[in-house]
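Trainee: Starting from these lines, generate the structure:
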Amino acid sequence: MDEEVSKSALLIMDVQTGVVKRLQNEEEYLSGIKSAVDEAHKRQIPVIYVVVGFRPGFPEVSPNNKAFKELRGDLAQNLIDPRPAIVPTEGDIVVTKRRVSAFSGSDLEIVLRAQGTRHLVLAGIATSGVVLSTVREAADRDFKLTVLADLCADFDPEVHTLLLEKVLTKQAEVMTSEQWFRLRS
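Mentor: Numbers count the residues shown, from 1 in each chain. Below is the predicted model:
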């Protein structure tokens, strides 16, 4: 197995039922995620689902936290019982985080270091949230980064495009999932 492949992991971030159902192209998006997961499995690349989750009553959320303090309704319930929108298969890992970045309030770095992972391939919702925050933090931790542009989504299309074309390219390679699949051939 190629050394880079053996040291890579695919992170599927915040692709949870309550989040995905807010997308206009929910089925198409999930189909793309499923294809990337299948490709990773075929190539023996670990798949890690990162979900945001809190305890009932949200004791982890400070009144000072603007991003999370307004949680209520269906989305809030989904974050108390976080489950990926795609069911993980045997061998996949699910990591629960308590903040925007996949690293904050989670054991993600411990999992990655234990597996010798050095290259993260990222997909998730939202580009302006978990994707941006995770790229920034992972770059500071010296991981090689690839962002799968077509498997990132944001609720603001202009912000999504700006981040993919101007911001994330400074710390990650940005490509489509098809380009990534071809690199693995």
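
Trainee: Report the outermost residue of this structure with respect to its centre.
Mentor: In the chain, P63 marks the outermost C-alpha relative to the chain mean, sitting 25.4 Å out by CA atoms, centre = their mean.

Trainee: if I look at that residue, how far off is A114?
Mentor: Using CB to CB, to the nearest Å, we find P63 at a distance of 35 Å from A114. C-beta here means a position set from N, CA and C on the backbone, and glycine is covered the same way.

Trainee: do G124 as well
Mentor: According to CB to CB, G124 and A114 sit 22 Å apart.

Trainee: Also K7?
Mentor: When CB to CB is applied, the distance between K7 and A114 equals 13 Å.

Trainee: Tell me the first helix or strand C-terminal of whichever strand in the chain runs longest.
Mentor: Counting residues, the longest strand in the chain under DSSP state E turns out to be strand 144-153. On the C-terminal side of strand 144-153, the closest following helix or strand by DSSP states H and E is helix 157-162.

Trainee: Show me the shaky parts of this structure.
Mentor: Within the chain, the stretches with pLDDT under 70 are 1-6, 69-82, 184-185.

Trainee: ok, longest helix in it?
Mentor: When the chain is parsed with DSSP state H, its longest helix is helix 26-42.

Trainee: ok so, going back, and K7 and A114? Which one has more around it.
Mentor: K7 (18 against 9; other CB atoms under 10 Å).

Trainee: Who are the contact partners of the closest residue to that one other than its chain neighbours?
Mentor: Excluding its sequence neighbours, the residue lying closest to K7 (CB to CB, 6 or more residues apart in numbering) is R118, at 4.4 Å. The contact partners of R118, by CB atoms under 8 Å, 6 or more residues apart in numbering, come to K7, S8, F143, K144.

Trainee: As a markdown table, these with distance to E173 would be great.
Mentor: Written out in a markdown table, the entries for the contacts of R118 read as follows (distance: CB to CB, whole Å):
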| residue | distance to E173 |
| --- | --- |
| K7 | 15 |
| S8 | 12 |
| F143 | 12 |
| K144 | 8 |
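
Trainee: Show me which of the residues you listed are buried.
Mentor: With neighbours counted by 16 or more other CB atoms under 10 Å, the contacts of R118 contain buried members at K7, S8, F143, K144.

Trainee: where along this structure do the helices fall?
Mentor: For the chain, the helices defined by DSSP H occupy 3-6, 17-20, 26-42, 73-80, 108-114, 132-140, 157-162, 177-183.
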